[in-house]
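Trainee: Here is a sequence together with a model predicted from it:
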Amino acid sequence: MRMSANQFQNWSQKAITLLGMSGVGKTVLANKLRRENWYHYSGDYRIGSRYLDEPIMDNIKKHAMTVPLLRELLRSDSITISNKITFENLKPLSIFLSKIGDPNLNGLTLEEFSRRQDLHRRGEIKSMLDVPKFIERARNVYAYDHFVNDAGGSVCELDDADVIECLAQHTMIIYLKATKADEEQLVARQIQEPKPMYYRPAFLKQQLPQYLREKGLSSTDEIEPDDFVRWIFPKLFYERIPRYEKIAADFGYTITTDELASVTGASDFLKLLETKL
């Protein structure tokens, strides 16, 4: 959604989508807006609590069933296990997505990893297509005037035109672009503490053989999971940047992390946006 500064100022019920790499500040900004009467919609939370809740719980119960005591209690319906995912704690989703590699090091086989990646992709598409419905719910049920969609870092990799068109039609898309210094910090953080990621299938298919050749491995089951994430993340990071930039150029606007650093609340954010329109 594009508009002039004057149109934006007169937009009584604002709806914003924040795009950018994980760790760039989307959730921090969304939380600031939330404290000032903005409805905070988290794409990752929606995926984990709605679209992947059953697979997440099945995976947890499958592991619990390997413990004789828990197996007996589960089979007799004597205990329940619940998914307590929150906006701040997305670990149930992250652990389910997991990493490819040696099963003895808690890695997943290529087949199982690909299955979970596909489930995540479908869940992310659905969660973004849910945005218009939640904008209405935010206004009509919870009486929020303004709405912020805290989108997952992999939205740019979905290759689904309907998602971007939906977001552009119902929200103003803002790409939070990391400065060069912040890019280096984000990459260093992931290398220091490797986390599960979503990879576009064509990108993963291209990178896996290269990794195996470099490491002298014959199978993905020989991969050390954390090492692969450390190796591939910088490539993934710089693969995503032109995708974000194209979305912003075609449908939205760009704010840098330097500019975002001065934002303390909704008023600062809105003034900053007006300079971009």
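Mentor: Received it, and whenever you're ready, just let me know what you need.
Trainee: which residues does the nearest residue to residue 219 once chain neighbours are set aside contact?
Mentor: Of all residues beyond its chain neighbours, the one nearest residue 219 is residue 212 (7.7 Å), with distances taken as C-beta to C-beta, 6 or more residues apart in numbering. In this view, the C-beta of every residue, glycine as well, is placed from N, C-alpha and C. The neighbourhood of residue 212, defined by C-beta atoms under 8 Å, 6 or more residues apart in numbering, consists of 218-220, 223.
Trainee: Ranking by neighbours, what's the top pick from these?
Mentor: residue 223 (24 neighbours; other C-beta atoms under 10 Å).
Trainee: Wait, a helix at residue 81?
Mentor: No. Counting by DSSP: H, G, I helix; E, B strand; the rest coil, residue 81 is not found in a helix; it is coil.
Trainee: give the contact list for residue 66.
Mentor: Applying C-beta under 8 Å, 6+ apart, no residues contact residue 66.
Trainee: For it, give its distance to residue 59.
Mentor: Relative to residue 59, residue 66 is positioned 12 Å away (C-beta to C-beta, to the nearest Å).
Trainee: circling back to that earlier point, separation between the residue nearest to residue 219 and residue 159?
Mentor: 25 Å.
Trainee: so where do the strands sit in the stretch 151-277 of the chain?
Mentor: With DSSP state E, counting those that start in this stretch as the criterion, the stretch 151-277 of the chain has strands at 172-177, 252-256.
Trainee: quick one, the last one and strand 172-177 angle?
Mentor: For strand 252-256 and strand 172-177, the angle between their directions (axes from the mean of the first three to the mean of the last three C-alpha atoms, to 10 degrees) works out to 30 degrees.
Trainee: quick check, distance from strand 252-256 to the centre of its chain.
Mentor: 18 Å (C-alpha atoms, centre = their mean, to the nearest Å).
Trainee: So which bits of that strand are buried?
Mentor: 252-255 (16 or more other C-beta atoms under 10 Å).
Trainee: what's the answer for stretch 206-223, then?
Mentor: Applying a neighbour-count criterion of 16+ other C-beta under 10 Å, one finds 207-208, 211-212, 217, 220, 223 buried in stretch 206-223.
Trainee: Please narrow these to those residing in helices.
Mentor: Counting by DSSP state H, the buried residues of stretch 206-223 place 207-208, 211-212 in helices.
Trainee: got a markdown table for those, with pLDDT and distance to residue 93 too?
Mentor: Below are those laid out as a markdown table (pLDDT from 0 to 100; distance: C-beta to C-beta, whole Å):
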| residue | pLDDT | distance to residue 93 |
| --- | --- | --- |
| 207 | 98 | 23 |
| 208 | 98 | 23 |
| 211 | 98 | 25 |
| 212 | 98 | 28 |
